[in-house]
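1. Based on what follows, work out the 3D shape:
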Amino acid sequence: MAAEDNPVSQAFFKNLEVQLGEGSKILFWKDLWLLDKPLVVVFPELFTISAQKKEMISNMGWCEGMAWRWTLSWRRALTTEEQQKLVKLQDLLVNHHPIRNEKDRAQWGMNGKSSVKDLLVKANKISKERAAVDTLVCTVWRKIGPPKVELMLWLALFERLNTKSMLVKKRILQSQDNFCSFCAQQEEDIDHLLLNCQVSWNIWCHIAADFGIQVIRHQRFRHFYEWWMSKTFYNRTRKKLFILAFFATAWSLWLKRNKVLFEQHEMDIQAVLHILRWRIAWRSKAWKEKAHYNADQLAANFRNISLMLP
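-> Here you go, the predicted structure:
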């Protein structure tokens with residue numbers, strides 16, 4: 001829409017029907033808040049597959065500092081046509097976001113009045129605070145891994161897991177105690193703990209090699225996740241196992257970290273790999289696909305997976 005091209009227009013049209021505050025009383029899909037029609041009417045295809053049909057706007061994202069990050073979740077992978085619809089929705093959402101500590105109001109004008117001064121103030125605020133749409137984190141909801149594993153990975157991609165670095169930020173832990181639970185050489189943040197620590201990286205390399213894949217090192221965990229998910233396979237089951245392997249590896253590293261930290265376990269890479277391969281094998285038993293192997297065969301011959309699933 002042309003009216004969305006500049007901050008002044010955005011501030012004006014944003015207040016025609018509903019003034020979005022913190023978004024706790026406005027339904028994302030069904031209320032009139034973004035366009036002259038509810039989003040369910042404008043994007044019916046996306047609404048049909050949404051996993052957030054009854055959510056308020058305040059539950060449709062995450063606030064990071066001064067910026068708002070939209071997080072849209074789907075019941076299944078999107079088709080090419082649905083992805084094109086999603087791009088259009090993202091283009092709208094990027095200029096609209098909840099405002100902390102402000103109430104939602106249904107009215108026309110600023111505070112009930114058509115004040116040019118208030119309009120410009122709002123426009124200036126919009127121009128400084130841009131919103132972002134994060135679709136990467138929503139790809140964890142694949143029903144390939146257990147819900148608790150998907151939640152852990154979702155938090156990891158948001159860098160919300162309680163690593164030692166996070167505990168320092170929360171003032172629960174002193175900065176001098178912030179060392180990796182595995183190597184005790186670097187600060188324990190998400191990127192180091194789940195990826196860049198040599199212990200963790202060794203495990204990733206072993207698991208990828210089981211699939212005949214040579215991993216490419218990334219500095220950020222979320223970039224590594226994106227790279228892993230982009231790998232293609234001719235065999236559908238092998239692709240699902242490869243995705244499951246990422247979920248299981250991240251989960252195993254996080255569990256082992258907690259065992260080392262809170263129960264004084266020793267880090268044994270071979271033991272972690274053994275348990276990890278069994279996790280992948282047993283989880284795959286829950287799938288509906290007809291496979292030419294059972295969990296025992298897969299776990300026992302995991303390193304030959306490239307031969308079992310060409």
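2. can you map out the strands along the protein?
-> Per DSSP state E, the chain carries strands over the ranges 61-64, 67-70, 132-133.
3. Throw those into JSON lines and include distance to Gly23, mean pLDDT and mean neighbour count, thanks.
-> Backbone N, C-alpha and C define where each C-beta goes, glycine included. Compiled in JSON lines, the strands of the chain are given as follows (distance: least, C-beta to C-beta, whole Å; pLDDT from 0 to 100; neighbours: other C-beta atoms under 10 Å):
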{"stretch": "strand 61-64", "distance to Gly23": "8", "mean pLDDT": "80", "mean neighbour count": "16"}
{"stretch": "strand 67-70", "distance to Gly23": "9", "mean pLDDT": "87", "mean neighbour count": "18"}
{"stretch": "strand 132-133", "distance to Gly23": "15", "mean pLDDT": "65", "mean neighbour count": "18"}
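4. any chance of those strands in JSON lines, plus distance to Arg283?
-> JSON lines is the format used below for the strands of the chain (distance: least, C-beta to C-beta, whole Å):
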{"stretch": "strand 61-64", "distance to Arg283": "28"}
{"stretch": "strand 67-70", "distance to Arg283": "29"}
{"stretch": "strand 132-133", "distance to Arg283": "30"}
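5. nearest to Ala248, of those?
-> Ranking the strands of the chain by proximity to Ala248 (C-beta to C-beta) places strand 61-64 first, at 25.2 Å.
6. So which elements touch that closest one?
-> strand 67-70 (3 or more C-beta pairs under 8 Å, 6 or more residues apart in numbering; DSSP states H and E).
7. Tell me how far the strand it packs on lies from the chain's centre.
-> Strand 67-70 sits 12 Å away from the centroid of its parent chain (C-alpha atoms, centre = their mean, to the nearest Å).
8. cool, stretch 142-151 as well?
-> 12 Å.
9. tell me the mean pLDDT over that stretch?
-> Averaging pLDDT along stretch 142-151 yields 88.
10. Select, out of the strands of the chain, the one closest to Pro147.
-> That would be strand 61-64 among the strands of the chain, by C-beta to C-beta, at 18.8 Å.
11. All the helices of this structure, in order from the start?
-> For the chain, the helices defined by DSSP state H cover 7-14, 39-42, 44-49, 80-93, 116-128, 147-157, 164-169, 190-191, 198-210, 221-229, 236-263, 269-284, 295-300, 305-308.
12. if you compare these, which one is most tucked away?
-> The highest mean neighbour count among the helices of the chain, using mean count of other C-beta atoms under 10 Å, belongs to helix 190-191: a mean of 22.
13. contacting residues around that helix?
-> Under the criterion C-beta atoms under 8 Å, 6 or more residues apart in numbering, residues 156, 159, 161, 163, 165, 219-221 lie in contact with helix 190-191.
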